[in-house]
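Engineer: mind folding the following:
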Amino acid sequence: MAKIGIFYGSTEGNTERVVTQIQTLLGGESVAVLHNVNSATADDMQPYPYLILACPTWEIGQLQEDWDSFIDELADVDYTGKKVAYVGLGDADGYPDTFIDAPGIIHERIKDKGVTLVGQWPTEGYNFEASKSVVDGKFLGLVIDEDNQKDLTAARVEKWVNIIKPEFQ
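Structural biologist: Model (predicted):
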């Protein structure tokens, strides 16, 4: 069985494209399995020692609609010993005061449940005012701005995967 579960929500397809790139760079479906949260449950998360939770920030600092429906499932997962990495997508120019809030909202739900956070990402290179996903001066995980910095996505994904790979061994 694959060791990494990638749980994502994607309304316009950007998040799905990014997590598919991540899956490929991690070694494909035999290593990392994609789960769209629109049809996932807590039971789907349980077998994985390593989780990647990917969510775009929607509207003004809100969870993407599928994540909004799924977030309560997180309470039913035993995170003891699990390593969790986040991927957030957002629009820094359009929403600089709530940029990439969604992973921060998710993290608030599980941070005290025994998870080990991996894959934090620098804030440099992004033009924003505030984010619930910034902790101790870094983003909780990979940050992608497909609206304003699409040309940087592939390189950012590759660099981040190289950061988390050793953590997911």
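
Engineer: got the contact list for the helix or strand hosting Thr24?
Structural biologist: Using DSSP states H and E, Thr24 maps to helix 14-26. Residues from elsewhere that reach helix 14-26, judged by Cβ atoms under 8 Å, 6 or more residues apart in numbering: 4, 6, 8-10, 29, 31-34, 36, 52, 54-56, 64, 87, 89, 144, 146, 153-154, 157-158, 160-161, 165, 168. Heads up, the C-betas are built off the backbone N, CA and C, glycines and all.

Engineer: likewise stretch 132-139?
Structural biologist: 61, 86, 88, 98, 100-105, 107-108, 120-123, 131, 140-141, 143.

Engineer: mean confidence for it?
Structural biologist: Here stretch 132-139 scores 97 as its mean pLDDT.

Engineer: repeat for stretch 14-31
Structural biologist: pLDDT averaged over stretch 14-31 gives 97.

Engineer: restricted to strands, list the contacts of stretch 132-139.
Structural biologist: 86, 88, 121-122, 143 (DSSP state E).

Engineer: the longest strand along the chain: how far from the chain's middle?
Structural biologist: Ranked by number of residues, the top strand in the chain under DSSP E is strand 50-58. Averaging C-alpha positions (Cα atoms, centre = their mean, to the nearest Å) puts strand 50-58 3 Å from its chain's average.

Engineer: sorry, back to before: after the helix holding Thr24, next one along is what?
Structural biologist: Counting by DSSP H and E, the next helix or strand C-terminal to helix 14-26 is strand 32-36.

Engineer: how about residues contacting that next one?
Structural biologist: With Cβ under 8 Å, 6+ apart as the criterion, strand 32-36 contacts 2-10, 16, 19-20, 22-23, 26, 44-45, 52, 66.

Engineer: give the pairing partners of that strand; include direction for each.
Structural biologist: strand 4-8 (parallel) (DSSP bridges).

Engineer: which positions in the partner strand come out as buried?
Structural biologist: Neighbour-count burial for strand 4-8, counted by 16 or more other Cβ atoms under 10 Å, picks out 4-8.
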